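A.B. asks: predicted coordinates and the sequence they were generated for:
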Amino acid sequence: MTRPFSLLLTLAACLAATPVLAAAPEAATLLAHQAPLELNEASSAWILTSTALVLLMTLPGLALFYGGMVRRKNVIATIAHSTAAFAIVTVLWFAVGYSLSFGSSGPATNDFIGGLQAAFLNGVTPSTAHSLAPGLPEFLWVAYQLTFAIITPALIAGAFAERIKFSASVLFFFLWHLLVYVPICHQVWGGGWMGSLGVLDFAGGAVVHVNAGVAGLVAALVLGPRHGFGRDNMAPHNLTLTAIGAGLLLVGWLGFNAGSAWAADGIAAVAAFNTILAAAAAAIGWTAVEWIDHKRPTLLGLLSGIVAGLVGITPAAGLVDPKGAFLIGIIAGPACYAGAVWLKRALKYDDSLDAFGVHGVGGIVGALLTGVFATAAINPAGENANLFNQAIGLLAVIAWSGVGTWLILMVCKFTTGLRVEKEAEIEGLDYTQHGETIHP
């Protein structure tokens, strides 16, 4: 019997032994993280919509945004990264990711990781809710949080685009979700120590963007620069695709940020407006610096500025007033320009699509400024906001993501290998990795 077939049989046996939709449990039999569902139909309708919007951010949003920024010979390979992240993370989230992120493991370890009681969604029924959101069906909560888990490793792929083996990216996504994303998600959002400390991350500044940005930087450093970096023309092949992708990201981000209110209420409304405002302010800030630096504004700069503002406002969206959102945006734009252009040029590393320059730098700026601008007048959670707690949380996320990513890359290096051969990279990953090409 082949190894893959035996693994499939083992998985099937586990599923067969797991009750999928048992009768609604009594309160006494609820899992530690659960509460009885107190259905809020309006909020559930909004989070259903938000789930679709956030999923749209990865496919096709990020896939097109990144796909337009690479060279023509690597478009299919780049889009394949977003698609693979969707498939791998979805199955892992169902199997153990959700349970380890939002479940409970008991007092000894719950500060760092959840438990396995809800593995394969055991005990999750149409009448249960997560205790964090008792008005939402738990299946909806599972689906909404899944969309955040999907886009995070897909963002990392921007750092190692155009030179990584597809087999390495598959193994990387698998291990990174389990060993990096899941623990950080639990520690910030799922009942872990950072959330208990008071670290504020409304919609994923640390969990998603700093986490992905730092991982991207480590990956870029470990893999080394693309062949011809600094010498060959590596300009984007199709900025129209990038513009379409950026537009989809902008629209989808409303579900990302406003959906993180977990209700159709005033906080969701202010988060939605803050998201749009910060994106516009950052686009202006990025373009102003670029215009001065390069003597002309670019479409790519405007689009990158929009994304920088979206990243910067993410941890603060439902915690600050519009004045705070404007300031975060107008600061995040130039800061991300500095990270994507000046820092990369000074240190000579090849972060292909600026995963660290935009998501890492923007996430750090936004998370720190959340501690400055969060206000209880918008959200009671902002009452005890402070820069010190935000900095502690950032340092913890940076350390966990940096070390964990490096270890995973070493596993990939000595198993699948990391980089394609020089000749394959020159020919292009579309054909050498996938046997496909786009029309000339």
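C.D. replies: Yep, it's here.

A.B. asks: could you use CA atoms for every contact and neighbour count after this?
C.D. replies: Will do.

A.B. asks: ranges for the helices of the stretch 101-250 of the chain?
C.D. replies: With helices called from DSSP state H, counting those that start in this stretch, the stretch 101-250 of the chain shows them at 138-160, 166-176, 182-189, 193-197, 211-223, 239-258.

A.B. asks: buried stuff in stretch 87-95?
C.D. replies: Buried residues in stretch 87-95, counted by 16 or more other Cα atoms under 10 Å: 88-90, 92-95.

A.B. asks: can you check stretch 325-333 too?
C.D. replies: So for stretch 325-333, counting by 16+ other Cα under 10 Å, buried means 325-333.

A.B. asks: so which residue is dead centre in this protein?
C.D. replies: The geometric centre of the chain, computed from its C-alpha atoms, lies nearest to residue 152 (Cα atoms, centre = their mean), at 2.5 Å.

A.B. asks: just checking, it touches residue 210?
C.D. replies: No. Applying Cα atoms under 8 Å as the test, residue 152 and residue 210 come out as separate, 9.7 Å apart.

A.B. asks: could the helices of the stretch 101-250 of the chain be laid out in TSV, adding distance to residue 357?
C.D. replies: Below are these laid out as TSV (distance: least, Cα to Cα, whole Å):
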stretch	distance to residue 357
helix 138-160	10
helix 166-176	20
helix 182-189	21
helix 193-197	25
helix 211-223	7
helix 239-258	16
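
A.B. asks: just send those helices back as TSV, with mean pLDDT too.
C.D. replies: Shown next, in TSV, are those (pLDDT from 0 to 100):
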stretch	mean pLDDT
helix 138-160	98
helix 166-176	98
helix 182-189	98
helix 193-197	97
helix 211-223	98
helix 239-258	98
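
A.B. asks: to residue 428, which of those lies closest?
C.D. replies: In terms of Cα to Cα, the element of the helices of the stretch 101-250 of the chain nearest to residue 428 is helix 166-176, at 12.5 Å.

A.B. asks: how deep is residue 360 tucked in, by neighbour count?
C.D. replies: When neighbours are counted by other Cα atoms under 10 Å, residue 360 registers 31.

A.B. asks: three-state assignment of it?
C.D. replies: The local conformation at residue 360, judged by DSSP: H, G, I helix; E, B strand; the rest coil, is helix.

A.B. asks: if I pick it, what's in contact with it?
C.D. replies: Applying Cα atoms under 8 Å, 6 or more residues apart in numbering, we find residue 360 in contact with 209-214.

A.B. asks: and what of residue 188?
C.D. replies: Contacts of residue 188 by Cα under 8 Å, 6+ apart are 194-195, 199, 201, 207.

A.B. asks: distance of it relative to residue 427?
C.D. replies: 43 Å (Cα to Cα, to the nearest Å).

A.B. asks: wasn't residue 329 part of a strand?
C.D. replies: No. If the criterion is three-state DSSP, then residue 329 is helix and not within a strand.

A.B. asks: surely it is in contact with residue 314?
C.D. replies: No. If you go by Cα under 8 Å, residue 329 and residue 314 don't touch, sitting 10.5 Å apart.

A.B. asks: how much space is there between the closest residue to residue 115 other than its chain neighbours and residue 393?
C.D. replies: In space, and not counting its chain neighbours, residue 115 is closest to residue 105: 3.9 Å by Cα to Cα, 6 or more residues apart in numbering. Going from residue 105 to residue 393 by Cα to Cα gives 21 Å.

A.B. asks: so these two - more neighbours on which side?
C.D. replies: residue 393 (26 against 19).

A.B. asks: contacts only, for that one.
C.D. replies: 194, 199, 206.

A.B. asks: weed out the non-buried ones from the residues you listed.
C.D. replies: Listed as buried from the contacts of residue 393 are 194, 199, 206; burial here means 16+ other Cα under 10 Å.

A.B. asks: for those, which one is nearest residue 82?
C.D. replies: Closest approach to residue 82 among those (Cα to Cα): residue 206, at 20.3 Å.

A.B. asks: please compute how far stretch 110-122 lies from its chain's middle.
C.D. replies: Taking the mean of its C-alpha atoms, stretch 110-122 sits 21 Å from the chain's own mean (Cα atoms, centre = their mean, to the nearest Å).

A.B. asks: OK, contacts around residue 373?
C.D. replies: 319-321, 324.

A.B. asks: which of these tops the neighbour count?
C.D. replies: For the contacts of residue 373, neighbours tallied by other Cα under 10 Å; top is residue 319, 33 neighbours.

A.B. asks: that one reaches residue 382, doesn't it?
C.D. replies: Yes. The pair residue 319 and residue 382 passes the contact test of Cα under 8 Å, sitting 5.9 Å apart.

A.B. asks: joint contacts of these two?
C.D. replies: Common contacts of residue 319 and residue 382 (Cα under 8 Å, 6+ apart): 374-376.

A.B. asks: can you say which of the residues you listed are buried?
C.D. replies: Here, 16+ other Cα under 10 Å leaves 374-375 buried among the shared contacts of residue 319 and residue 382.

A.B. asks: turn the shared contacts of residue 319 and residue 382 into TSV, including pLDDT.
C.D. replies: Below are these laid out as TSV (pLDDT from 0 to 100):
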residue	pLDDT
374	98
375	97
376	97
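
A.B. asks: stretch 126-133: end-to-end distance?
C.D. replies: From start residue to end residue, stretch 126-133 stretches across 14 Å - Cα to Cα.

A.B. asks: might you calculate how far it sits from the centre of the chain?
C.D. replies: Averaging C-alpha positions (Cα atoms, centre = their mean) puts stretch 126-133 24 Å from its chain's average.

A.B. asks: now it: average pLDDT?
C.D. replies: For stretch 126-133, the mean pLDDT works out to 98.

A.B. asks: now do stretch 323-333
C.D. replies: pLDDT averaged over stretch 323-333 gives 98.
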